[in-house]
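> predicted model and sequence follow; I will ask about them next.
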Amino acid sequence: MYKTLIHPLVLSALLLPWPSAWGALERETFEVYVTIPTADFHVLPLDPQLVQREQRLRFSTITSDLVPLRAIYEVKNTNGAIDARLSEEAYLSNGRQRIDLRVKFNDVELTLDSTQVVSANDARPGRQVRLEIAAIKPADEYVPGDYYGTVHMVFDAVAP
């Protein structure tokens, strides 16, 4: 009977890790999400962080110019073309000075008026297109400072 009690105790002591090994512990926590677009119409950046965090236009000290922000969007409209417009002027400001921005989507410059940016033939199967946001250099040099702004784009599914 003594042997029947000892064998399970010895076996469990060998199989269980030592308490000193339990001291090392690592935990990782992160959030996960997904946006599943409709099959008929969508205009989404390939990098979802593009619209979720502030984007930086880098200033080149060599050229004294702002480097354009470029991103790729995935677009689709099974029922026609895609139009786009700005809902307000795009610019950066530091409260006193203003730097105007040129916004191009699929190489079409956006204004406050709606313009076709993807034809029905290209939009039907879906494709990837480029967004470019570039500063319009003032006649004189950029005034030093911290500038902030928001670009508001509106996309419309155009029926044939």
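The structure has been received and is ready for your questions.
> centroid-nearest residue for the chain?
Centroid check for the chain by C-alpha atoms, centre = their mean gives Leu50 as the closest residue, at 1.9 Å.
> for that residue, which non-adjacent residue is closest in space?
Ala71 (5.2 Å; C-beta to C-beta, 6 or more residues apart in numbering). Glycine gets a C-beta too; all of them are placed from N, C-alpha and C.
> I figured the one you found hits Leu44, correct?
No: in this structure, Ala71 is not within contact of Leu44 by C-beta atoms under 8 Å, at 10.8 Å.
> which one of the two has more residues nearby?
Neighbours were counted for Ala71 and for Leu44 using other C-beta atoms under 10 Å; Ala71 has more, 17 against 14.
> if we can go back for a sec, for the residue nearest to Leu50, give its distance to Val154.
Distance of Ala71 to Val154, computed by C-beta to C-beta, to the nearest Å: 17 Å.
> returning to that earlier point: pull the contacting residues for the residue nearest to Leu50.
Pro45, Leu46, Asp47, Leu50, Arg130, Leu131 (C-beta atoms under 8 Å, 6 or more residues apart in numbering).
> can you check Pro45 too?
Counting by C-beta under 8 Å, 6+ apart, Pro45 has contacts Val51, Ala71, Ile72, Tyr73, Glu74, Leu131.
> cool, and Val108?
Ala84, Thr115, Gln116, Val117.
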